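# would you be able to build a 3D model of this:
(chains A and B)
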There are 2 protein chains.
Amino acid sequence: MDKKIKVGIVGYGNIGKGVEKAIKQNPDMELEAIFTRRDVSELDNNSKLVHISRLEIYKDKIDVMILCGGSATDLAEQGPMLASQFNTVDSFDTHAKIPEYFERMNSVAKEGETVALISTGWDPGLFSLNRLLGSAILPEGKEYTFWGKGVSQGHSDAIRRVEGVKNGIQYTIPVEETLEKVRCGECSEFTTREKHERVCYVVAKEGADLHKIEEDIKTMPNYFSDYNTTVNFISEEELKKNHSGMPHGGFVIRTGKTGGGLNQFMEFSLKLESNAEFTSSVMVAYARAVYKMAKEGKKGAVTVFDIPFAYLSSKSPEELRKELL
Amino acid sequence: MDKKIKVGIVGYGNIGKGVEKAIKQNPDMELEAIFTRRDVSELDNNSKLVHISRLEIYKDKIDVMILCGGSATDLAEQGPMLASQFNTVDSFDTHAKIPEYFERMNSVAKEGETVALISTGWDPGLFSLNRLLGSAILPEGKEYTFWGKGVSQGHSDAIRRVEGVKNGIQYTIPVEETLEKVRCGECSEFTTREKHERVCYVVAKEGADLHKIEEDIKTMPNYFSDYNTTVNFISEEELKKNHSGMPHGGFVIRTGKTGGGLNQFMEFSLKLESNAEFTSSVMVAYARAVYKMAKEGKKGAVTVFDIPFAYLSSKSPEELRKELL
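Numbering: from 1, shown residues only, chains lettered A, B, ... in the order given. Modelled structure (predicted):
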């Protein structure tokens, strides 16, 4: 067997931990080190943890670095620094800033002779691939992306900032009726309200005005006022027991007509018990692709659009043709 | 705008006609000629039709040739001959012979300095891509492919050979119960009978023994005996009216567990009013990819596994990142 692909992790939150576990599922890869900005001596007894200041020592020991920084702010700063020295994979997801981020990563990676894959995961990532596929195969058609059922971190945070709220979580849910309409080939435009609903589970502080909390949530601009929102009050125990998972998922649908006017329908969907672990698994498969591209001499930034699927697999092209084509 | 991609079609059956229509949906492409083995003077008044003996004249006029020969036998013969002179796209689908066909096409294409994409369409093709994606992202998992609801040409032919049968058509249908079990995460092995059922619509000859026809069909080895099969007798008029379309589709499902033992679920599905037109549209999108790869100097045989999705689109990489990522 070839030598294993040596992977580094930067950031040890949910995604970093997911990547650590995913690497163990892939026998052709091994974890070299996990870099963190925190004080390593205060963290769990994990021998792979290394303070980020010691990054340079690992320059020739790591084939691909998976960037698991918690937010777009982390990545905007860490991405270029890391891509100048390592092949990288990240999940940059601030949509409007992708072109700018790509340009920065591209120039740094070309200069540093590395490959930098940006914005992978499931959206952006697998969903983007399906949007592209749908539009290329059915140019006369319409694309619909639905998200959920899933926890939205941003909306959960917004709930927790409401006066009288102790804790809470928010689920984004595709409106089943609309999903069915799209599946039956109805090519309408749908409003925000028609596509998704929002369901909140809220733990109120003692003595708080529940009616007011509900109103404050439902009328919150940007976050909730454009949606049908349901607010459920529950106890802290119930929240811990029933809502500590982080499920997510969604649907990318393309409906279109081929040349003879006939209806054609493509759908890609995900149902994930753990958003973070799935995103991590996608990043690990793409780390393998980045490793292969770098070995072939590719330099610069790339996205999922630029990577042949064969690169994601540990199997040889011959095996893939024989077993999966 | 760049010059248009000049496409040739070889074979003028359902797929060839579908490709002709699909090209019209793609403004960056144009149809140069349709090659056929039949006597052109006897065919419809289509100015693009050319007898296949005149192929060589078009060597420098066609960027990509789409091979629409009706059967694997056609392709095994025509494929290498065409790939020696033109960039080609085909839908070779005799699974067991793919490795051998790939090797032949690869050596011919390398010699002729062309790109030969083999075995595209939806299965093999888009379904293969999803099988690969699922296995790379969820290595600890299981893959299920279901086909239908759709017409199987081979099974329809088998019905028509039964004594007393005048005409008939067969639909392959995934067993809904099994599909639901898989969607709910049940990772069992299912038998042939558990996965698909077969529904036949049969027009009997006058005076034929209907009971015997039904028995002959249901007990036919290889084709029907391993399935739950339903036989419906209808009139020739009903057959023409309700069963002249060629719908198809299916599902590729990957269920698996990520590193923390959580369940994750991926599904890709197609619902097609016309199998042939959709296959044609996939081939046309891949013809664009072959054109781009040839322009970049690639030579030899490739499969869908080797082609980045960006190549399928008429949009620039910048547009794709901005609009679809």
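
# for A:Ile253, which non-adjacent residue is spatially closest?
Taking C-beta to C-beta, 6 or more residues apart in numbering or on different chains as the measure, A:Ile253 lies nearest to A:Tyr144, with 4.5 Å between them; neighbours along the chain are not counted. From N, CA and C alone the C-beta is placed, and that goes for glycine too.

# buried residues, the helix or strand that neighbour falls within. List them.
When elements are assigned from DSSP states H and E, A:Tyr144 belongs to strand A:141-147. Going by neighbour count (16 or more other C-beta atoms under 10 Å in any protein chain shown), the buried part of strand A:141-147 is A:Gly141, A:Lys142, A:Glu143, A:Tyr144, A:Thr145, A:Phe146, A:Trp147.

# that older thread, contact partners for the residue nearest to A:Ile253?
A:Val182, A:Phe190, A:Lys195, A:Phe251, A:Val252, A:Ile253, A:Arg254, A:Thr255 (C-beta atoms under 8 Å, 6 or more residues apart in numbering or on different chains).

# next: A:Ser225.
If you count contacts by C-beta under 8 Å, 6+ apart, A:Ser225 has them with A:Lys218, A:Thr219.

# do that again at 7 Å, thanks
The contact partners of A:Ser225, taken as C-beta atoms under 7 Å, 6 or more residues apart in numbering or on different chains, are A:Thr219.

# likewise for the one 10 residues further on?
The neighbourhood of A:Ser235, defined by C-beta under 7 Å, 6+ apart, consists of A:Val203.

# returning to that earlier point: okay if I get the buried residues of strand A:141-147 as a markdown table plus pLDDT?
Formatted as a markdown table, the entries for the buried residues of strand A:141-147 read as follows, by pLDDT from 0 to 100:
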| residue | pLDDT |
| --- | --- |
| A:Gly141 | 95 |
| A:Lys142 | 95 |
| A:Glu143 | 95 |
| A:Tyr144 | 96 |
| A:Thr145 | 95 |
| A:Phe146 | 96 |
| A:Trp147 | 96 |
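
# what is the nearest of those to B:Glu273?
Ranking the buried residues of strand A:141-147 by separation from B:Glu273, with C-beta to C-beta as the measure, puts A:Gly141 on top at 12.9 Å.

# so for the residue lying closest to A:Ser280 once chain neighbours are set aside, what's the pLDDT?
With sequence-adjacent residues excluded and distances taken as C-beta to C-beta, 6+ apart, A:Ser280 is closest to A:Gly18, at 2.9 Å. Note on A:Gly18: pLDDT of 97.

# so A:Gly18 makes contact with A:Val282?
No: contact criterion C-beta atoms under 7 Å: A:Gly18 and A:Val282 do not qualify, at 9.9 Å.

# more neighbours: these two, which one.
When neighbours are counted by other C-beta atoms under 10 Å in any protein chain shown, A:Gly18 and A:Val282 differ, and A:Gly18 comes out ahead with 28 against 25.

# which neighbours in the sheet does the strand holding A:Tyr144 have, and how are they oriented?
The sheet places strand A:141-147 alongside strand A:248-257 (antiparallel), with pairing taken from DSSP bridges.

# only alpha carbons, please: show the next helix or strand after the partner strand as PDB.
Next in sequence after strand A:248-257, counting helices and strands by DSSP H and E, comes strand A:263-272. Output in PDB follows, covering the C-alpha atoms of strand A:263-272 (Å, rounded to 0.1, in the frame of the first residue of the first chain):
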ATOM      1  CA  ASN A 263     -40.900  16.900 -18.000                       C
ATOM      2  CA  GLN A 264     -37.800  15.700 -16.300                       C
ATOM      3  CA  PHE A 265     -37.000  15.800 -12.600                       C
ATOM      4  CA  MET A 266     -33.800  15.500 -10.600                       C
ATOM      5  CA  GLU A 267     -33.500  15.500  -6.800                       C
ATOM      6  CA  PHE A 268     -30.600  15.300  -4.400                       C
ATOM      7  CA  SER A 269     -31.400  15.100  -0.700                       C
ATOM      8  CA  LEU A 270     -29.600  14.700   2.600                       C
ATOM      9  CA  LYS A 271     -31.000  13.700   6.000                       C
ATOM     10  CA  LEU A 272     -28.300  14.100   8.600                       C
END
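
# strands paired with strand A:263-272, and their directions?
Note on strand A:263-272: by DSSP bridges, its sheet partners are strand A:248-257 (antiparallel), strand B:263-272 (antiparallel).

# I'd like to know how far whichever residue of the stretch 201-325 of chain A sits closest to chain B sits from B:Val19.
For the stretch 201-325 of chain A, the nearest residue to chain B under the criterion C-beta to the nearest C-beta is A:Gly259, separated by 2.4 Å. According to C-beta to C-beta, to the nearest Å, A:Gly259 and B:Val19 sit 9 Å apart.

# state the pLDDT value of the residue lying farthest from the centre of chain A.
Taking C-alpha atoms, centre = their mean as the measure, the residue most remote from the mean C-alpha position of chain A is A:Gly207, 38.5 Å away. At A:Gly207, the predicted lDDT confidence score is 95.
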